[in-house]
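Participant: Compute the structure for the input listed below.
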Amino acid sequence: QVQLVESGGGLVQAGGSLRLSCAASGRTFSSYAMGWFRQAPGKERVFVAAISASGSSTYYADSVKGRFTISRDNAKNTVYLQMNSLKPEDTAVYYCAAKRPPASAYRGSYDYWGLGTQVTVSS
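Facilitator: Predicted coordinates:
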């Protein structure tokens, strides 16, 4: 069982930055691939970024490539999402999720989910 808690969301102006964190419980964090997803009001939850269990491989949605960076610190049981050059269309609730390897963009393959953190980007 893995419990995930996101933090770091908030209100930011367009062009600004935020760093989201996702803290995981348990001693097996390093054996899980991790992903970030987001859900805007009235829309489906969609893939944002994923990282392999070791952290050696990362994957991004085209909409955030070059602006967002996913990373992890296995010693701290934490995965991060650095978000730069934020746009109003990035406004959403951001969720982190965990799965057994390999990393994936497929939402349905993730076993564990956090409750989410709100990110609002004003124009």
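
Participant: what residues are up against residue 23?
Facilitator: 4-5, 7, 76-78 (CB atoms under 8 Å, 6 or more residues apart in numbering). Bear in mind the C-beta positions are built from the backbone N, C-alpha and C, glycine included.

Participant: Now with 7 Å, please.
Facilitator: Neighbouring residues of residue 23 by CB atoms under 7 Å, 6 or more residues apart in numbering: 5, 77-78.

Participant: With secondary structure added, can I get these in JSON lines?
Facilitator: Shown next, in JSON lines, are these (DSSP: H, G, I helix; E, B strand; the rest coil):
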{"residue": "5", "secondary structure": "strand"}
{"residue": "77", "secondary structure": "coil"}
{"residue": "78", "secondary structure": "strand"}
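
Participant: which among the residues you listed end up buried?
Facilitator: Among those, those buried by neighbour count (16 or more other CB atoms under 10 Å) are 77-78.

Participant: With respect to residue 27, which of the contacts of residue 23 is nearest?
Facilitator: Set against residue 27, the nearest of those by CB to CB is residue 77 (8.4 Å).

Participant: what's the spacing between residue 73 and residue 29?
Facilitator: Separation of residue 73 from residue 29 (CB to CB, to the nearest Å): 10 Å.
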